[in-house]
Structure formats: structure tokens, C-alpha cells
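Asks: Got a sequence here, can you model it:
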Amino acid sequence: MSIFITKQSAIVKSVSGPLKVKDSQGGTLSLNTTDYIHAGEMILFNQDSIFSLILNNGHELSHTQIKNNAIQHHSSSAPIPYTELIIDNITPNNIINILEASNDINVTGYILGDIDPKGEIKIDIQGNQYQTYLEQNGRFDIDIPGFELATSNHITVHFNAYDNRGYPYCVSKIKHYQVMLVGPYIDIVLQPISIKHDHISGSTNKKITVTGMAKYHFSIGDKIIITVNNTLYKTQVLKQGSFSIDILLTDILVSNQVTATLISYDMSGNRSEATINQRINDTE
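Replies: Now for the predicted structure:
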């Protein structure tokens with residue numbers, strides 16, 4: 001059989017002869033007229049199959065056009081050698097963040113089973129292909145620009161090899177991942193800070209408690225940095241977003257404002273900051 005992988009969703013307009021789609025468990029389902037095909041799914045068919053697809057953009061794709069671009073699954077009647085294609089997570093958490101998207105990402109994986117030491121790996125991203133070859137231990141790795149991986153949410157990896165009789169075969173697999181390029185939406189609020197004049201005398205070791213709230217998509221434990229008189233004070237966000245920290249009164253007396261910065265990261269590692277400047281009130 002031959003393989004064709006759709007780059008966009010489609011509907012079967014007509015079909016005569018074997019036409020199947022490979023499901024997520026590795027089995028195959030027969031396709032009939034009006035059946036829906038998802039983008040990136042693997043379509044299998046015989047060379048004598050006659051069919052056409054209506055793509056999501058309204059264009060019709062005939063069996064002749066598809067066969068000219070299809071990959072031969074196996075050229076003989078012999079079964080395909082046992083081969084399992086394993087694709088590692090694209091990043092440690094399988095989510096591409098803004099920093100990773102700005103650098104190359106090393107895509108890795110390996111082949112289990114009857115390994116052809118000359119096997120070729122092709123990685124398809126939105127029609128662009130990257131090529132490498134298996135290492136002796138059956139592993140593969142290739143650097144791909146992160147910005148290109150970030151234009152999609154999946155890659156298709158093809159392993160092209162030959163069995164021990166010299167017949168070509170192909171094993172393909174899709175790897176999905178997430179793309180998160182924007183940090184969490186956060187904000188910070190400080191409670192009014194006031195100094196009473198009768199607190200000023202003998203103020204060398206006195207402290208003023210500064211309190212506030214983190215808002216929106218913060219996380220418990222997010223860092224809070226308070227800057228007063230070029231001195232940094234650090235604390236963390238507590239339950240329900242509250243935080244508090246003691247500031248030396250001498251620092252507050254030199255400055256007429258407090259700067260508070262909230263630093264937060266989302267699950268993919270994107271960083272966000274929110275800053276507020278607040279004047280200090282003098283009261284009699």
C-alpha cells in the first residue's frame with residue numbers, strides 16, 4: 001500500500017477501491033464517501049484505488065495527484081519488518097515557550113525493532129522537511145529552528161528504510177506538542193504606605209510593614225521585589241495573592257516612593273513582570 005499524509009482537513013468526495021485512515025492506536029479504518037479526514041492523518045491506499053478529496057480550502061485533490069506524491073509503504077507482499085518509531089518530547093515539558101522558539105530545538109527519537117543502519121529520517125513541518133540518518137544505536141537527532149516548530153502544533157516523522165530483501169518501506173508517526181509564547185497576565189497592588197511623625201524619632205532600627213496583592217494569573221511562591229532607596233527587599237506571594245514585608249524606616253525616610261515588582265512564570269517557562277510605583281504619605 002501507499003501512504004499520503006494530509007496537510008489540511010478534507011472530506012472524501014468519491015472512492016472506489018481500498019482507502020483507509022490510520023487511527024491513533026495504529027489500526028486502520030476504511031474510508032467511505034463523505035467521511036471526514038483530519039489534517040495530519042495518514043491515508044493508506046492501493047495503486048488501483050480511485051478516489052478524490054475536497055480539502056478544507058475547497059480545492060479538490062484527485063487520486064492521481066496524491067499518488068504522484070505518496071510514499072510507498074512496502075513494495076513487496078512481504079510483511080513490514082517490526083519497526084516502532086519513538087519521538088521524544090519536543091522540549092522537556094513538550095511545550096515550546098518564547099525563549100525556546102527563538103533558538104534551535106534538538107528533535108530526538110529512536111527506532112525499535114529491525115533497524116536498517118542506513119535508515120533515513122525525514123521530519124515534516126507545514127510542508128518543510130528536515131533530513132538526517134539513524135545513528136548506530138538506532139537514535140536520531142536534528143536541530144530545527146524553534147520559530148518554525150512554533151508555527152505548528154505537530155511534526156510528522158518518516159522513517160524510510162529497506163528490509164533484508166531490499167524492498168523499501170516507510171513508517172510514519174505524528175508528534176503533537178503545545179506552543180505558548182506569551183507569559184501569564186498579572187498585576188500588582190500596594191496598600192497605601194503612611195508614616196507618622198512621632199515614629200521618626202529614634203528610627204534607626206524601626207521597620208514599616210509593606211503589604212499588597214498579586215492579581216490575575218499569579219502563582220503561590222511568585223517572587224516579589226520591593227525597591228526603596230536603591231535597596232532591594234524580597235518576599236513571595238502567599239495564598240490568595242497576598243504578600244507583606246518589613247522595610248527599614250530609614251530607607252523609607254530617604255525616599256518618597258516604593259517600587260514593587262511581581263515576577264511570574266507560566267507552565268511553559270514564559271516570564272511576566274508587573275511593576276507599581278507608589279508614593280509614601282506623611283501624616284502628622
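Asks: Look at His38 and say how many residues are nearby.
Replies: Look at His38: counted by other CB atoms under 10 Å, it has 10 neighbours. Bear in mind the C-beta positions are built from the backbone N, C-alpha and C, glycine included.
Asks: from memory it sits against Lys22, does it?
Replies: No - using CB atoms under 8 Å as the test, His38 is too far from Lys22 to be in contact (11.3 Å).
Asks: could you show me where the helices are in the stretch 51-200 of the chain, in order?
Replies: With helices called from DSSP state H, counting those that start in this stretch, the stretch 51-200 of the chain shows them at 63-69, 98-101, 146-149.
Asks: of all the ones you listed, which has the lowest average per-residue confidence?
Replies: Ranked by mean pLDDT, these end with helix 63-69 in last place, scoring a mean of 65.
Asks: what stretches of the stretch 1-150 of the chain score poorly on pLDDT?
Replies: Along the stretch 1-150 of the chain, segments meeting pLDDT under 70 span 1-8, 23-27, 40, 65-80.
Asks: again, only using 80
Replies: In the predicted model, the stretch 1-150 of the chain carries pLDDT under 80 at residues 1-9, 22-28, 38-42, 46-48, 55-59, 61, 63-82, 114-118.
Asks: ok, the residue lying closest to Leu61 once chain neighbours are set aside to Gln178 distance?
Replies: Excluding the flanking residues, the one nearest Leu61 by CB to CB, 6 or more residues apart in numbering is Leu53, at 4.7 Å. Leu53 sits at a distance of 28 Å from Gln178 (criterion: CB to CB, to the nearest Å).
Asks: So for those two, which residue has more residues nearby?
Replies: Under the criterion of other CB under 10 Å, the comparison of Leu53 against Gln178 puts Leu53 first, with 26 against 14.
Asks: ok, what's across the strand from the more buried one?
Replies: Per DSSP bridges, the residues bridged to Leu53 are Val12, Leu61.
Asks: for the nearest residue to Thr231 once chain neighbours are set aside, helix, strand, or coil?
Replies: Distances taken as CB to CB, 6+ apart put Asp251 closest to Thr231, at 5.2 Å, once the chain neighbours are dropped. Put simply, Asp251 is helix when judged by DSSP: H, G, I helix; E, B strand; the rest coil.
Asks: For Asp251, give me its contacts.
Replies: Counting by CB atoms under 8 Å, 6 or more residues apart in numbering, Asp251 touches Val228, Asn229, Thr231.
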